[in-house]
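Participant: sequence first, then the predicted structure, then my questions.
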Amino acid sequence: MANITAAEVNKLRKSTGAGMMDCKKALVESEGDFEKAIEILRKKGQKVAANRADRDSSEGAAIAKVNEASTRGIIISLNCETDFVAKNDSFVQLATDLADIALATSSKEEFLAADYKGNSVQDKLTEQTGVIGEKIEIGAYKSLEAPFVGSYIHAGNKIAVLTGLSKNVPGAEEVAKNVSMQAAAMNPVALNEEGVDQSIIEKEIEIAKDQLREEGKPEEMLDNIAKGKIKRFFKDNTLVNQDYIKDNKMSVAAYVKSVDSDLKVVSFERVALG
């Protein structure tokens with residue numbers, strides 16, 4: 001049996017992220033061959049991944065990143081099966097490292113094929129499935145481009161938001177963060193009225209009409225009253241029309257304009273886990 005040193009085990013652990021005992025076993029099995037040991041760990045991960053393919057991976061960490069120019073941002077979620085793993089510092093660090101890689105890619109497919117310390121991101125996920133013993137995968141991958149992009153990650157990495165503004169002005173970073181916090185807390189269905197899917201509007205109109213019928217309102221009055229209820233729906237559920245959570249005397253759009261009269265929110269992306 002090969003004489004495996006602690007330094008060799010530590011080197012493999014740093015390279016792969018696998019546990020110390022798994023690394024030692026792999027080095028013993030490979031008789032000290034470093035590349036073979038990596039392959040052994042990867043095959044172990046593939047076996048575990050295959051066995052856990054149908055498991056639910058709704059826990060994890062959602063991470064938002066913005067480029068240095070603040071013109072592009074991404075959100076990824078690194079998903080796992082349990083909250084225990086999701087809160088692990090090394091798991092959150094892996095999610096953060098992967099988000100840095102994702103920022104340089106333009107699609108989820110490109111991201112999964114991108115290099116991570118000599119292997120692909122997908123290979124790293126498979127390896128970690130073997131190390132941790134849970135299904136590990138990329139859930140969400142969202143990107144956003146605007147004249148200014150800011151972000152917010154809610155405590156515990158369960159919600160991440162990107163907000164795009166119409167221009168870069170003094171105070172834009174704080175505005176984008178505040179609007180992102182709004183989206184994290186209030187979960188709007190769209191940016192504004194135009195962004196609400198027609199099927200959602202039709203469903204809300206029918207719900208409103210059914211409620212009005214139960215209240216005994218005449219049929220000929222239902223359309224007009226329902227239109228009023230839809231306006232209320234837009235106010236409560238579209239980002240720029242919502243009451244601003246830090247000052248409910250103004251809307252989000254009004255808050256943004258208070259910083260710069262020409263400033264607007266042009267887009268947002270939100271990812272939530274758990």
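Facilitator: Yes, it's here. Numbers count the residues shown, from 1 in each chain.

Participant: contacts for stretch 230-243, please.
Facilitator: With contact meaning C-beta atoms under 8 Å, 6 or more residues apart in numbering, stretch 230-243 is reached by 179, 182-183, 186, 188-193, 195-196, 201, 204-205, 208, 250-253, 256, 264-265, 268. Just so you know, the C-beta spots here come from the backbone N, C-alpha and C atoms, and that holds for glycine as well.

Participant: try it again with 7 Å
Facilitator: If you take C-beta atoms under 7 Å, 6 or more residues apart in numbering as the criterion, stretch 230-243 is touched by 182-183, 186, 188-193, 195-196, 201, 204-205, 251-253, 265, 268.

Participant: in ChimeraX, select just the buried ones from those residues.
Facilitator: Selection of buried members from the contacts of stretch 230-243 for ChimeraX, criterion 16 or more other C-beta atoms under 10 Å:
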select :182,183,186,188,190,191,193,196,204,205,251,252,253,265,268
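
Participant: out of the contacts of stretch 230-243, list just those in helices.
Facilitator: Of the positions in those, Q182, A183, M186, I201, E204, I205, V252, A253 sit in helices, assigned by DSSP state H.

Participant: quick check: phi and psi at V149.
Facilitator: Main-chain dihedrals, V149, degrees, to the nearest 10: phi -120, psi 130.

Participant: and it, bridged to which residues?
Facilitator: On the basis of DSSP bridges, V149 is bridged to G164.

Participant: which residues does it contact?
Facilitator: V66, S70, T71, R72, G73, L162, G164, A176.

Participant: and it, how far from F268?
Facilitator: 10 Å (C-beta to C-beta, to the nearest Å).

Participant: swap in A95?
Facilitator: 21 Å.

Participant: need the contact list for N192.
Facilitator: T238, V240, N241.

Participant: could you rerun that using 6 Å?
Facilitator: By C-beta atoms under 6 Å, 6 or more residues apart in numbering, the contact set of N192 is T238, V240.

Participant: same question for I205.
Facilitator: Contacts of I205 (C-beta under 6 Å, 6+ apart): A226.

Participant: and what of the one 3 residues further on?
Facilitator: By C-beta under 6 Å, 6+ apart, the contact set of A208 is A226, K229.

Participant: so how far is D197 from it?
Facilitator: 17 Å.

Participant: and the helices in the stretch 51-200 of the chain?
Facilitator: 83-86, 89-102, 108-113, 121-132, 172-186, 198-214 (DSSP state H, counting those that start in this stretch).
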